[in-house]
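>>> Provided below are the primary sequence and the corresponding predicted coordinates.
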Amino acid sequence: MWGLNYVFHEKFSLPQLDAHINMGSSTSSIGDYFTNMLDPTMNWDDVAEMVKFWDGQFCLKGIMTVEDAKHAVDIGCTGIVISNHGGRQLDGARSSFDQLAEIVDAVGDKIDVLFDSGIQHGTHVLKALSLGAKAVGIGRMYLYPLAAGQPGVERALGLMQEELIRDMRLMGCKSISELSRKKFKI
């Protein structure tokens, strides 16, 4: 199906980037764009300036330490996303799950803590919520089913929903608000 779609449908593009990169005849320029858009000189003062400039809810993604979570609170962020960006950058670093409980314990009463990275099953969502995350991003979980189009994504999301409902029943929970470390035995 993917091969047929590739041949018979319009070529791959990222419309939101059309003004920034020339796709030419390959997707390698997308990788170049994302590599070059990362500013190695960016620091906490720059993020604090963005928070002030935005003047609204500001969620910072990529937090992996208690120290950084506390710093995000100090500069006025209203949310953080604990994420190792799928482990692509630092594959030897601690997993996001390993960081979640200690970050929630340190700042969870001051800022919304969201979780992203490695979500593949309903139990992963339940574990993150049980550890104190306010919400969970599914990241790439839907991308492989997307090869089959909308029905594939709907099927994947349906399976995730079925897992969540079944596993919450097994835990004796009727609602998300009942999830806790104690219930999950974490």
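Cool, got the structure.

>>> quick one, helices of this protein?
Ranges of helices within the chain are 2-8, 28-37, 44-54, 66-74, 96-107, 122-130, 143-146, 150-171, 181-184, based on DSSP state H.

>>> need the residue closest to the centroid of the protein.
For the chain, the residue nearest the mean C-alpha position is Asp116 (3.0 Å; CA atoms, centre = their mean).

>>> list the contacts of the closest residue to that one other than its chain neighbours.
The shortest distance from Asp116 to any non-neighbouring residue, by CB to CB, 6 or more residues apart in numbering, is to Gly137 (3.6 Å). Backbone N, C-alpha and C define where each C-beta goes, glycine included. Listed by CB atoms under 8 Å, 6 or more residues apart in numbering, the contact set of Gly137 reads Val81, Ser83, Leu114, Phe115, Asp116, Ile119.

>>> got any ranges where the protein has weak pLDDT?
12-14, 16-17, 20-30, 34, 86-91, 184-186 (pLDDT under 70).

>>> thinking again about what came up before, how about the helices of the chain in TSV, adding distance to Asp18 and mean neighbour count?
Listed next are the helices of the chain as TSV, based on distance: least, CB to CB, whole Å; neighbours: other CB atoms under 10 Å:
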stretch	distance to Asp18	mean neighbour count
helix 2-8	20	9
helix 28-37	11	11
helix 44-54	24	13
helix 66-74	32	17
helix 96-107	32	19
helix 122-130	34	22
helix 143-146	21	13
helix 150-171	24	14
helix 181-184	45	13
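
>>> so for Leu60, which of those sits nearest?
helix 66-74 (5.1 Å; CB to CB).

>>> wait, which of the helices of the chain is closest to Pro15?
helix 28-37 (12.4 Å).

>>> now stretch 53-62: buried residues?
Using 16 or more other CB atoms under 10 Å as the test for burial, stretch 53-62 gives Phe58, Leu60.

>>> what's the span of that stretch from first residue to last?
20 Å (CA to CA, to the nearest Å).

>>> show me how far that stretch is from its chain's centre.
Distance, stretch centre to chain centre, for stretch 53-62: 15 Å (CA atoms, centre = their mean, to the nearest Å).

>>> again, but for stretch 59-77
That offset, for stretch 59-77, works out to 15 Å (CA atoms, centre = their mean).

>>> now do stretch 32-48
That offset, for stretch 32-48, works out to 19 Å (CA atoms, centre = their mean).

>>> send the alpha carbons of it over as PDB?
Extracted C-alpha coordinates of stretch 32-48, given in PDB (Å, rounded to 0.1, in the frame of the first residue of the first chain):
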ATOM      1  CA  ASP A  32      19.500  19.400   7.200                       C
ATOM      2  CA  TYR A  33      16.900  21.900   8.200                       C
ATOM      3  CA  PHE A  34      16.200  20.300  11.600                       C
ATOM      4  CA  THR A  35      19.900  19.900  12.200                       C
ATOM      5  CA  ASN A  36      20.600  23.500  11.400                       C
ATOM      6  CA  MET A  37      17.600  25.000  13.200                       C
ATOM      7  CA  LEU A  38      18.900  23.700  16.600                       C
ATOM      8  CA  ASP A  39      20.700  26.700  18.100                       C
ATOM      9  CA  PRO A  40      23.600  25.500  20.200                       C
ATOM     10  CA  THR A  41      23.900  29.000  21.800                       C
ATOM     11  CA  MET A  42      20.400  28.900  23.200                       C
ATOM     12  CA  ASN A  43      20.300  29.100  27.000                       C
ATOM     13  CA  TRP A  44      17.900  29.600  29.900                       C
ATOM     14  CA  ASP A  45      17.900  33.400  29.500                       C
ATOM     15  CA  ASP A  46      16.700  32.900  26.000                       C
ATOM     16  CA  VAL A  47      13.900  30.600  27.100                       C
ATOM     17  CA  ALA A  48      12.900  33.100  29.900                       C
END
